[in-house]
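Novice: Mind looking at a prediction? Sequence and model below.
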Amino acid sequence: MKLTSMQKKNILLLLFLVIVWGVNWPLSKIALAYAPPLLFAGIRTLIGGVLLILLALPRWKSLRFKELWPIYLVSAILSIVFYYGFQTIGLQYVPAGLFSSIVFLQPVLLGIFSWMWLGESMYALKIAGLLLGFIGVASLSVGGFTGSISGWGILLALASALSWAFGTIYMKLRSARVDTLWMTAMQITIGGLILTLSGSVTERWGDILWNGAFIADTLFISIFVIAMGWVVYFKLINEGEAGKVGSFTFLIPLISIGTSVVFLKEQITLNLVIGLLLIVCSIVLVNVKFGRSAKLSAN
């Protein structure tokens, strides 16, 4: 089957998204050695939001802030404040591997919610693929299952996954009313302001070590991971099936672990190989229809 130019473009965008969101985890781990968590989350998000506002200024008439601010606020709370906030706090209570495996229950939740509220197709192989992807992520993260496990940490990880899934569904439902670029810029900026204010109250600005490594790390995350990453994510969600796009996010922990091996000298394990195979199978099952499943979804 020959790919169209749009399909090729979307594949490249997906590759970009998976790579930059994958390297975000080890880069964030490095940056947290120089700054408190909430302030770091707020700074990187706020910078990304301001950059997007500058990019969106030529189409400022599409902002319609007085009319659309409730949508911007709800989206900011779900996709930015809750997602990053629960994530930052929860990592203090449970091992990172376990936490990330629970957070990446999100594609499974997104697939189910997209079927329930967006009318996207659902069939047995797709369900199997989503579950297989989650098992693959769990396999990647099994090394993090050691150590004390807090019930609060588990709940915060689930809350992070739910907020990400709900935020994506909310964005898809409201996409016809808003300009995608302004929606992304506003939710990130508002979320960044809330996170920065929260960090200013609970943490100390004096604890930030403004060295070259921290500044370069923060700017990379702000520009590529947050500003460009969220724009690409919501563009793909708006133009395609949310469940299918979500299935590719199963690759993010794989990229994260791979870059951690290179930059943080972590080891390659059998779990990594098993997880990779399961994730690849998952993406195939979710995105390719076979036989009877194709006929059922077409009806």
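Specialist: Noted; the coordinates are in hand.
Novice: these two touch, right, L51 and A227?
Specialist: Yes. Applying CB atoms under 8 Å as the test, L51 and A227 come out as touching, 4.7 Å apart. All C-beta atoms are positioned from the backbone trio N, CA, C, and that covers glycine.
Novice: Can you tell me which helix or strand of the protein has the lowest average pLDDT?
Specialist: Within the chain, no helix or strand scores below helix 291-298, which has a mean of 44 by mean pLDDT, DSSP states H and E.
Novice: give me the low-pLDDT residue ranges for the stretch 1-150 of the chain?
Specialist: Scanning the stretch 1-150 of the chain for pLDDT under 70 picks out 1-3, 94-101, 140-149.
Novice: Do a quick rundown of the helices in it.
Specialist: Secondary structure of the stretch 1-150 of the chain (DSSP state H, counting those that start in this stretch): helices at 5-31, 37-56, 65-76, 83-90, 96-103, 106-117, 124-141.
Novice: where in the stretch 151-299 of the chain is pLDDT low?
Specialist: Using pLDDT under 70, the stretch 151-299 of the chain drops low at 241-243, 257, 260-261, 263-269, 272-273, 276, 280, 283, 286-299.
Novice: for the closest residue to G133 other than its chain neighbours, helix, strand, or coil?
Specialist: Excluding the flanking residues, the one nearest G133 by CB to CB, 6 or more residues apart in numbering is S282, at 3.2 Å. What DSSP: H, G, I helix; E, B strand; the rest coil gives for S282 is helix.
Novice: Contacts only, for T168.
Specialist: 79, 110, 237, 242, 246 (CB atoms under 8 Å, 6 or more residues apart in numbering).
Novice: need the contact list for the last one.
Specialist: Contact partners of G246, counting by CB under 8 Å, 6+ apart, are 106-107, 110-111, 114, 168.
Novice: surely L17 meets G229?
Specialist: Yes. In this structure, L17 is within contact of G229 by CB under 8 Å, at 6.0 Å.
Novice: Name the residue in those two with the higher neighbour count.
Specialist: Just comparing L17 and G229: by other CB atoms under 10 Å the higher neighbour count belongs to L17, 24 against 21.
Novice: which residue packs closest to that one, ignoring adjacent ones?
Specialist: V232 (4.9 Å).
Novice: could you say what helices and strands the helix or strand containing that neighbour packs with?
Specialist: For V232, the element it lies in under DSSP states H and E is helix 229-239. If you count contacts as 3 or more CB pairs under 8 Å, 6 or more residues apart in numbering; DSSP states H and E, helix 229-239 packs onto helix 5-31, helix 151-174, helix 180-202, helix 242-248.
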